[in-house]
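Trainee: Sharing a model that was predicted from the sequence below.
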Amino acid sequence: MELSTFFQQLTNALSLGSLYALIAIGYTMVYGILRLINFAHGDVFMLGAYFAFYAATSLAMPWWVAFIVAIGLTAMFGMGLERVAYRPLRDSPKISVMISAIGASFLIENVGIVVFGGRPKSFPSIPLFDTVVHLGPVSVLSVSLFIPVITAAILVALLWIVNGTKTGLAMRAVSTDLDAARLMAIDVNRTISMTFGIGSLLAGLGGIMWTMKYPQLNPLMGVMPGLKCFIAAVIGGIGNIPGAVLGGFLLGVLEIMIVAFLPELTGYRDAFAFVLLIVVLLVKPSGLLGKHQAVKV
Amino acid sequence: MISTKDVSMRFGGLTAVSDLNIEIQKNEIVGLIGPNGAGKTTAFNTITGVYKPTEGRVIFKGRDITGQKPHAITRLGIARTFQNIRLWKDMDVLENVLVACHLRMDVGVAASTLHLPGYRAKERRSREFAMSLLESVGLADQAHEAATSLPYGKQRRLEIVRALATEPALLLLDEPAAGMNPQESLELMDFIGSIRDRYDLTILLIEHHMQVVMGVCSRMYVLDYGVTIAHGTPDEIRRDPKVIEAYLGVD
Amino acid sequence: MKIKRNTLLSLAGIALLAGAIAVADATLGRFSVRILNLSAIYIVLALSLNLLNGFTGLFSLGHAGFMAVGAYVSALLTMSPAQKDMNFFLEPIVPFLRDLQLPFPLALLAAGACAGLVAVVIGVPALRLRDDYLAIATLGFAEIIRVLITNAQSLTNGAQGLKAITKYSTTWVVWSVAALSVAFMLALVRSSYGRTMKAVRDDEVAAEAMGVNVFKVKSTSFVISSFMAGVGGALLGHMITTIDPKMFTLTLTFNILLIVVLGGNGSITGSVIGAIVVTVLMEALRFLDMPMNFLFIKTDGLPGLRMVIFSILLMIVVLYRQRGLMGNKEFNWDDFLGIFRRKGASGAGGRS
């Protein structure tokens, strides 16, 4: 393949990867603290996009206001979700929580279909993100330049929060041992709420960025990205924030590059993530950057 | 009957057990004591196959069983109870014991499901065996009650009886007297002695209750931070300065 | 003797049910019969998921994948060469498959067997994983199966799917299979092997220590469950007469999960009742998705409202009555008759 095509594909891969990374972080944070696969994360991602859409169109807000409003709403929604669907089941067997998560996911999707309508909607164009930029032989959408920067900024911010602040310390305590944390007078409920809030905020942001890149919205848009980003988080080491970023990039690069080199595999593109997941689960279940957790008997 | 040779168990940076060398002869009752976190349950777990020892071998009845899976080791004749009682909540007392009988029944899924005559005879025999075990500990009347509805002391006995249902040659008891008052502990001591005689067992016992251990064990190993600091008869151990130091303040 | 009475009552009950089904089949309209038979297929599917989830404690989300395997295998094996040629217009079917045509019963067994085989391949690696990882891994496998089916043009006709499948799923066929499944489950659960399954579900560490080969129990459960799911998928295909990869998504697995949770995870009776209730409800509530002309209110139809209600139902059950309708109890005559006795008694309480 020509060098310029290679670079083009690589750019695409990195931009997709950073998007996956952004969403994967939210998954990994929630799993890290609650050992819960939040199946509804992908749907929260979808809500972020739709909130922004309605804010920008029906409420005619300037785009940057719409974005902030949408992200705020999404964060609140995430916290509400935790309180309604997961908190009551905290002492229940794992299976109940997982069923609740799946139920919540389907509920959000179908409410979305009812309220937003099943037909895809187009996000109005925002020049700042919609321009095609030429970097030498490579053309890229301007938004694709923003995404990695945003992801990096968030990664730094999160690492600072988790490792440098009291809230972050509380998060790490709760994720290590919930009951012990409670005994240390840590407000477990508030810590978990905060984690969900941050995770959902990131999902909402991810949804908006996704829409900038792929401007078509539909209520089921979060399903595949949600699954793939969860897989990315697992690959990187679930519960590990840098791991999620790594996993996201790896997945994005793999998806694009494999199809670039072997176009006959295009139809199988969605399956790559799952194959990769299974390989990782078999070879190193704790993920690339994760630690092995021994079960105490 | 069983011996461990230089068994060590490491988890990442933590050495839970180092250079464990235990030897137990047939029909002995041997104790394994030590302060909390000394690695006693970990030692159990390396013997029963829950953990594969990082180093060393476990020899049972002349066979090297190091690293085999727990159910295979149980089949070979080693059974155990747990520090935190692990009874099956959704089954009644009798069913808890019957599950343990399944091992010796040697029935496949097909024979089991189709309730073939061969299976039915084995099932009947298992039920009789299970009921006799329950009778020997006075639980026969509660056979159809939920296992977790029993008082704590009886749950412990049920767990022991369940382990006996696998027809072991070696029985590992993990703190069987935990939570018992002195009276119950004495009864337990007698019970352990009697099952050793009745079922021709060899017993390895983890315990904190000094009464029980001193009263029923012929020999003891003392662990502290995974290291064997002493080994001998109850009298020797009682007077060993290293043991006293490790246990300072603990009964 | 009590046992004799219960056996007689059970036989009478079964005869009554069989009679009712025969009458319904003869008298009700085609649409209603279809719902009736769909319930039977869902009984089989619910039982298969319950075996895995409720009785062995394995949370698998891959059910739709096994159903797809079963449906495709059975369809491909029962279609005549002429039908195949008609379907495979984009790309001809693989030669060895073209002329292969088997009678329905054999095809049905083959469907289950293939699904079971896939389960062996998937199960060996996946069952080593912890519960939540198992869920995602099985989901992943189901998606992989779907993607494979969509792309294997010469084998499965890809995204076009298969049409004009012979409608072998008559009332007698599906209800016999359903009855057989119930009988099988009852026999399995009440056997010694069934007890070990429940032990694995409750505490697998203890089970392993008591000599139960936990991995073997899990994989056996997985394979049997997948076999049943394959059969269910095949019956579904032969009822709807067209199948395509888009049918076998997570939504389908969700519907079955819904039935199992509502009926009671770990109760055979619950799955049977749940399957019938949910299937009927699914159809009955279809009007919600349609344009409505209710007094002065005219709506354009709210597609998805039906699923919203079912999702809410699932959430309510899992949040407030986790054990579902039956919990993990089964139907037995003493309890059933006891209801009537209690209602008839005056003052002082119910049964002893």
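Mentor: Cool, got the structure. Everything numeric in this text was worked out from a predicted model, so none of it was measured.

Trainee: Residue in the stretch 51-200 of chain A with the shortest distance to chain B?
Mentor: Closest contact between the stretch 51-200 of chain A and chain B, by C-beta to the nearest C-beta, is at A:P93 (10.7 Å). C-beta here means a position set from N, CA and C on the backbone, and glycine is covered the same way.

Trainee: Tell me how far that residue lies from A:L34.
Mentor: 14 Å (C-beta to C-beta, to the nearest Å).

Trainee: which of the two has more neighbours?
Mentor: The residue with more neighbours, out of A:P93 and A:L34, is A:L34; 20 against 14, by other C-beta atoms under 10 Å in any protein chain shown.

Trainee: okay, now the closest residue to the more buried one other than its chain neighbours: neighbour count?
Mentor: Closest residue to A:L34 apart from its sequence neighbours, by C-beta to C-beta, 6 or more residues apart in numbering or on different chains: A:I192 at 6.5 Å. Using other C-beta under 10 Å, A:I192 has 25 neighbouring residues.

Trainee: in the host helix or strand of A:I192, what's buried?
Mentor: Per DSSP states H and E: A:I192 is located in helix A:188-213. Neighbour counts over helix A:188-213 (16 or more other C-beta atoms under 10 Å in any protein chain shown) mark A:188, A:191-213 as buried.

Trainee: A helix includes C:L90, no?
Mentor: No. Under the criterion used here (DSSP: H, G, I helix; E, B strand; the rest coil), C:L90 is coil, not part of a helix.

Trainee: what are the ranges of the helices in the stretch 251-352 of chain C?
Mentor: Here the stretch 251-352 of chain C has its helices, by DSSP state H, counting those that start in this stretch, at C:268-284, C:305-320, C:333-344.

Trainee: sorry, that was for the stretch 51-200 of chain A
Mentor: A:63-81, A:94-116, A:127-130, A:143-164, A:166-176, A:178-183, A:188-213.

Trainee: Would you mind giving those helices as JSON lines with mean pLDDT added?
Mentor: As requested, those are arranged in JSON lines below (pLDDT from 0 to 100):
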{"stretch": "helix A:63-81", "mean pLDDT": "90"}
{"stretch": "helix A:94-116", "mean pLDDT": "88"}
{"stretch": "helix A:127-130", "mean pLDDT": "76"}
{"stretch": "helix A:143-164", "mean pLDDT": "84"}
{"stretch": "helix A:166-176", "mean pLDDT": "79"}
{"stretch": "helix A:178-183", "mean pLDDT": "76"}
{"stretch": "helix A:188-213", "mean pLDDT": "88"}
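
Trainee: Please work out which of those helices is packed deepest.
Mentor: The highest mean neighbour count among the helices of the stretch 51-200 of chain A, using mean count of other C-beta atoms under 10 Å in any protein chain shown, belongs to helix A:188-213: a mean of 24.

Trainee: contacting residues around C:L162?
Mentor: Counting by C-beta atoms under 8 Å, 6 or more residues apart in numbering or on different chains, C:L162 touches C:Y72, C:A75, C:L76, C:M79, C:N87, C:T156, C:G237, C:T242, C:I243, C:D244.

Trainee: Just the buried ones from these?
Mentor: Neighbour counting with 16+ other C-beta under 10 Å marks C:Y72, C:A75, C:L76, C:M79, C:N87, C:T156, C:G237, C:I243, C:D244 as buried within the contacts of C:L162.

Trainee: Return the subset of those lying in helices.
Mentor: C:Y72, C:A75, C:L76, C:N87, C:T156, C:G237 (DSSP state H).

Trainee: Quick check on the closest residue to B:A246 other than its chain neighbours: phi, psi?
Mentor: With sequence-adjacent residues excluded and distances taken as C-beta to C-beta, 6+ apart, B:A246 is closest to B:D224, at 4.3 Å. Torsion angles at B:D224 (phi, psi; degrees, to the nearest 10) stand at phi -140, psi 120.

Trainee: who does the spatially most central residue of chain B bridge with?
Mentor: Using C-alpha atoms, centre = their mean, the residue of chain B that lies closest to the mean C-alpha position is B:L172, 2.3 Å off. As for beta bridges, B:L172 partners with B:R80, B:L204 under DSSP bridges.

Trainee: Buried ones in stretch B:52-68, by neighbour count?
Mentor: For stretch B:52-68, a neighbour-count test (16+ other C-beta under 10 Å) marks B:P53, B:G56, B:V58, B:F60, B:I65, B:T66, B:Q68 as buried.

Trainee: In CSV: those, plus distance to chain A.
Mentor: Conversion of these to CSV gives the following (distance: C-beta to the nearest C-beta, whole Å):
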residue, distance to chain A
B:P53, 14
B:G56, 18
B:V58, 16
B:F60, 19
B:I65, 18
B:T66, 18
B:Q68, 16
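
Trainee: these two touch, right, A:G42 and A:I231?
Mentor: No. Using C-beta atoms under 8 Å, A:G42 makes no contact with A:I231, being 11.5 Å away.

Trainee: packing partners for the helix ranked longest in chain A?
Mentor: Secondary structure of chain A per DSSP H: the longest helix is helix A:3-34. Helix A:3-34 is packed against helix A:41-56, strand A:138-141, helix A:143-164, helix A:166-176, helix A:188-213, helix A:223-236, helix A:241-261, with contacts defined by 3 or more C-beta pairs under 8 Å, 6 or more residues apart in numbering or on different chains; DSSP states H and E.

Trainee: So which residues make contact with the fourth one?
Mentor: What that stands for is helix A:166-176. The contact list for helix A:166-176, computed with C-beta under 8 Å, 6+ apart, reads A:29, A:32-33, A:160-162, A:180-181, A:184, A:186-188, A:191-192, A:194-195, A:239.

Trainee: in the stretch 151-300 of chain C, what spans have low per-residue confidence?
Mentor: C:288-300 (pLDDT under 70).

Trainee: go again using 90 as the cut-off
Mentor: In the predicted model of the stretch 151-300 of chain C, residues C:151-172, C:189-193, C:202, C:240-242, C:244, C:246-247, C:249-251, C:261-271, C:273, C:280-300 satisfy pLDDT under 90.

Trainee: Give me every residue in it lying close to chain A.
Mentor: Residues of the stretch 151-300 of chain C lying near chain A by C-beta under 8 Å from any C-beta of the partner chain: C:N151, C:V205, C:L250, C:T251, C:F254, C:L257, C:V261, C:N265.

Trainee: ok, and the most crowded of the residues you listed?
Mentor: When neighbours are counted by other C-beta under 10 Å, C:V261 leads those with 30 neighbours.
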